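Chemist: Sequence plus the predicted model coming up.
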Amino acid sequence: MKQSQLFTKTRREAPKDEVSKNAQLLIRAGFVHKELAGVYSYLPLGLKTLEKINRLIRSEMNKLGAVEVNLSALQNPEIWQASGRWNDQEVDVWFKTKLKNESELGLGFTHEEPLTNLLRDHIKSYRDLPRAIYQIQTKFRNETRAKSGLMRGREFLMKDLYSFHATQTEQEEFYQQVLLVYQNIFKQVGLGDRTYLTFASGGAFSKYSHEFQTLSEAGEDTIYLSADEKLAVNIEVATPEVLEELGLKKEDLVPHKAIEVGNIFSLGTRFSEPLKLNFLDAEGKEQPVWMGSYGLGPSRLLATIAEVLSDENGLVWPEGVAPFSVHLISLAGKSDEVKQASEKLYQKLVQNKIEVLFDDRDAPAGEKFADADLIGLPNRIVVSSKTLEAGKLEFKNRQTGEVTNIDETELIRFLAK
RNA sequence: CGGAGCGUGGUGUAACGGCUAACAUUCCUGUUUUGGGAACAGGCGACUCCGGGUUCGAAUCCCGGCGCUCCGACCA
């Protein structure tokens, strides 16, 4: 894409009402636009980044044999009344609204109930199990206090996976698979080395759930990390009994602020029983389905990457998440030669299916460099009269800052990999 | 929901209760310039968040509302 076609502009300064680093950088670089506290719109660069994250998540979900759906955002109170979660005392994050005829509606903050209800049409027998179903969809939560930029929003994107099994054991095995897949996702988005599987509160049907916590001062949670960094426990559940059970000593634990980027739950029959999602087992006996739910927030993930991987010059996107792989910068000035050479290189990169943002604007070099640093694409190529003279291209790695001069074929081979 | 702070051109800031609300940046025109946010000249852009009050006079003081941020509580 040519940068001249991008309608967004970068800014030198962040709006004063944004304090969190993720929001400041994402706004300055033109990835998002703030509408309300906790409500952000995605601009072309932000949307592309989000789509990259989603694509990666989808590919991992497919490995689990999960299939994608898209459930409605508007919710029928009846099925939530059945599970007891329509009640404001039970769930205080509902956005509730009304039809013209005064009957109530809710905006989905999660989807256990509707999916469980929906599956009654499709799951009758043990032969219909197991099932893994997911969606990537906008959730609405009426948070009393939105905060930390995109971290805790009132409208946000969530990947929610639900699994349905004939037995608890089967569900537990699936849970372990999801756990590995999640770790793989965090590794791929560049957060692997600072994201820890963390024991957290379990709820009605299991002692623990697991959270994936990314270490960051911007996090809302505090976790205890064992000295060998092999075990982590959310401070909320780190009672003496729990620590003993996990074989941890209080004095060996180090507290860290962390961002909860994912959470996986065993639900047991918490939803299948009230919503009557039953199946007939091999003996013809009716049984409730065993369930699990597995959440991960693409928008929070995007914000977390912005927060923890950025530096003083701007965002730093890992390959695979970045909206484009390459930032091609033309320092043409009045030189038609440079203009043509950079245009030609742009076409060539596109032909080789390399995702490139081409800064074809008529702007001073310093501005282009500053923008490239701020936007944070992993690779930067400069074409100028200097590089034409040398017969090489200048190639810079955003993350390491390493600059090399490289010839075109070599570069394309490297980037096309 | 409790507490604190802040609302002034698109953005960041300034202005004693008193001139036509200033400066920088962005943006527009032109000249020049092109390897780290260039230079010069000219120009556009604000009912100072909203409503009320005090005052000869309010961006400024008072009251109410709304919004934003932060701390806390909350967070299936």
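Modeler: On my side now, so go ahead. Numbering: from 1, shown residues only, chains lettered A, B, ... in the order given.
Chemist: Let me see the domain layout of chain A.
Modeler: Under the assignment automatic domain parsing, the domains of chain A span A:3-309, A:326-416.
Chemist: Next, format the ones you listed as JSON lines and append mean pLDDT, mean neighbour count and distance to residue A:319.
Modeler: C-beta coordinates here come from the backbone N, C-alpha and C atoms, glycine included. Output for the domains of chain A, formatted as JSON lines (pLDDT from 0 to 100; neighbours: other Cβ atoms under 10 Å; distance: least, Cβ to Cβ, whole Å):
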{"stretch": "domain A:3-309", "mean pLDDT": "94", "mean neighbour count": "18", "distance to residue A:319": "8"}
{"stretch": "domain A:326-416", "mean pLDDT": "94", "mean neighbour count": "17", "distance to residue A:319": "5"}
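Chemist: where does the stretch 251-400 of chain A come near RNA strand B, residue by residue?
Modeler: A:263, A:265, A:293, A:295, A:313, A:331-334, A:362-367, A:369-374, A:382, A:384-387, A:394, A:396 (Cβ under 7 Å from any atom of the strand).
Chemist: Now, those that are in strands?
Modeler: A:263, A:265, A:293, A:295, A:331, A:382, A:384, A:394, A:396 (DSSP state E).
Chemist: on that earlier part again, which of the domains of chain A sits closest to residue A:318?
Modeler: domain A:3-309 (3.4 Å; Cβ to Cβ).
Chemist: and the end-to-end length of the closest one?
Modeler: 24 Å (Cα to Cα, to the nearest Å).
Chemist: Give me the distance from it to the chain's centre.
Modeler: Mean-position distance between domain A:3-309 and its chain equals 10 Å (Cα atoms, centre = their mean, to the nearest Å).
Chemist: what ranges do the helices span in the stretch 151-300 of chain A?
Modeler: A:168-188, A:240-245, A:298-309 (DSSP state H, counting those that start in this stretch).
Chemist: Check which helices and strands the last one is in contact with.
Modeler: Packing contacts for helix A:298-309, counted by 3 or more Cβ pairs under 8 Å, 6 or more residues apart in numbering; DSSP states H and E, involve helix A:21-28, helix A:44-63, strand A:155-165, strand A:208-215, strand A:253-268.
Chemist: Among the ones in strands among the residues of the stretch 251-400 of chain A next to RNA strand B, which one sits closest to RNA strand B?
Modeler: residue A:384 (3.3 Å; Cβ to the nearest atom of the strand).
Chemist: I'd guessed the closest one sits against residue A:331; true?
Modeler: Yes - judged on Cβ atoms under 8 Å, residue A:384 makes contact with residue A:331 at a distance of 3.8 Å.
Chemist: which residues are common contacts for these two?
Modeler: A:338, A:365 (Cβ atoms under 8 Å, 6 or more residues apart in numbering).
Chemist: For the stretch 101-250 of chain A, what lies in contact range of RNA strand B?
Modeler: A:109-110, A:143-149, A:152, A:158, A:203, A:220.
Chemist: Could you rerun that using 10 Å?
Modeler: A:109-110, A:112, A:139, A:141, A:143-154, A:158, A:160, A:200-201, A:203-204, A:209, A:211, A:217-218, A:220-222, A:236 (Cβ under 10 Å from any atom of the strand).
Chemist: for the residue nearest to residue A:109 when sequence neighbours are not counted, what are its contacts?
Modeler: Excluding its sequence neighbours, the residue lying closest to residue A:109 (Cβ to Cβ, 6 or more residues apart in numbering) is residue A:141, at 4.7 Å. For residue A:141, the contacting residues are A:93, A:95, A:109, A:153-154, A:156, by Cβ under 8 Å, 6+ apart.
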